[in-house]
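Participant: Let me see the structure of the following:
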Amino acid sequence: MNISELPFLVALGETPKIGPKKARLLISYCGGVKAIFEASKKTLLKVPGIGIHTVQHLRSIKPAAIYKPIKSYLDNNPEVHLIPYFDQRFPQRLKHYDDAPLYLFYSGNYDLNENRFLGIVGTREPSQYGKIMVERIISELSDYGVCIISGLAYGIDTEAHRQSVKYQVPTIGILGHGLDKIYPSSNMKLAKQMMQNGGILSEFLPGTEPNREHFPMRNRIIAAISDGLVVIESKATGGSMITARFAHEYSKDVLAIPGRAGDPKSKGCNLLIKEHLAAMVESGEDIINALLWDHSSASTKQKSLFYEATPDEALIINYLSENEEAHIDLLQNTLALTPSVLSALLLNLEFNGIIKTLPGKRYILA
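Facilitator: Residues are numbered from 1 along each chain as shown. Presented below is the predicted three-dimensional model:
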């Protein structure tokens, strides 16, 4: 797939009744995104899960007409980038999930594939205790090369971004609407500050309004991009709990700040801890320990210069260098190694400090 197919990719993403999973199935079956719109009705109906109504939707879509205003917006706003899922700039942490978007709109200066991303979410009406905990955590993490991910919403989200700016910690806001607006508008100045060391990101086309149904979609991206998710003050239901559930499903480390028994603002956090869906943390140090972060500035590439890797180990190191993280099954299929051989290689690399194991049998460079 190449850049010339962007109009067709955007059109596919905007086709009714076709989500990311079905879109990828179509792309795979037809051999490319443009080929989908050129395929016959008979060919499309052979694709599993594609019925006559979906075919009719595809036939009614006009890629050039849909993409024209998008291209105009991008031309007039060169700081905004449209990143398709096949682009190396696309977040690799997000890419391999079935519900990952086909493209993202991004405005910022931070690499979306850096080593450490921490999501912070919580109530829209935090107490002073919640705000203090946000500042404490971010100040304690400021020297660990972490980027803070949140939703730029009222409350804990805003506080997480604001404290990140204060302590010069990179921070990225995931929006539930197009990048042509900031919601709430009171965060306009904050968003501009974030773009100096971080940015804003959205899967929604410019012009998309901040409708209620968009925010759960936004929450799944916060969960997927983050290595770990911290919940700071949350009711038993709501956006923060949705994000935590997504993170748990994605095998991410979910962490929660405990609160007083009976306090509605902490009921969600206490419930996550009680149900063993989240680990209890009270400081930045607790988060560092939970995520197995160290304070070393040496990259794996630097370490590997002094480590004499075998040819098969080099395959694993090179793959993780290009893809950030990978599930053990993906490594096995991609590198054509037997399960026993791969397990031995991974164990040796981990023992020598070259890679790290994440929950869910996933691996990253240390």
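Participant: can I see the domain layout of this protein?
Facilitator: In terms of domains, the chain is parsed into 1-74, 107-290, 300-365 (source: automatic domain parsing).
Participant: Nearest to residue 92 among the ones you listed would be which one?
Facilitator: Minimum separation from residue 92 across these (CB to CB) falls at domain 300-365, 3.9 Å. (Glycine included, C-beta is placed from N, CA and C.)
Participant: Pretty sure residue 151 sits against residue 218.
Facilitator: Yes: counting by CB atoms under 8 Å, residue 218 is a contact partner of residue 151 at 6.0 Å.
Participant: Now for these two: what residues contact both?
Facilitator: Residues touching both residue 151 and residue 218 (CB atoms under 8 Å, 6 or more residues apart in numbering) are 174, 175, 176.
Participant: picking up where we left off before, possible to save the domains of the chain as JSON lines with mean pLDDT?
Facilitator: What follows is the domains of the chain, written out as JSON lines (pLDDT from 0 to 100):
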{"stretch": "domain 1-74", "mean pLDDT": "92"}
{"stretch": "domain 107-290", "mean pLDDT": "96"}
{"stretch": "domain 300-365", "mean pLDDT": "80"}
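Participant: ok now do residue 124, which residues does it touch?
Facilitator: Taking CB under 8 Å, 6+ apart, we find residue 124 in contact with 153, 154, 155, 156, 157.
Participant: CA atoms only for the one helix or strand residue 241 maps to, dumped as CSV, please.
Facilitator: Residue 241 is located in helix 239-249, with elements delineated by DSSP states H and E. Below are the C-alpha coordinates for helix 239-249, written out as CSV (Å, rounded to 0.1, in the frame of the first residue of the first chain):
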residue,chain,number,x,y,z
GLY,A,239,-15.2,7.1,30.9
SER,A,240,-12.3,6.3,33.2
MET,A,241,-13.7,2.8,34.0
ILE,A,242,-14.3,2.2,30.3
THR,A,243,-10.7,3.0,29.6
ALA,A,244,-9.5,0.8,32.4
ARG,A,245,-11.6,-2.1,31.0
PHE,A,246,-10.1,-1.6,27.6
ALA,A,247,-6.6,-1.6,29.1
HIS,A,248,-7.3,-4.8,31.0
GLU,A,249,-8.6,-6.4,27.8
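Participant: Residues contacting that helix, please?
Facilitator: When contacts are defined by CB under 8 Å, 6+ apart, helix 239-249 is touched by residues 119, 121-123, 151, 153, 156, 215-216, 219-220, 222-224, 226, 228-229, 231, 234-235, 253-254, 256, 268, 272, 277-278.
Participant: In helices, which of those residues fall?
Facilitator: 156, 215, 216, 219, 220, 222, 223, 224, 268, 272 (DSSP state H).
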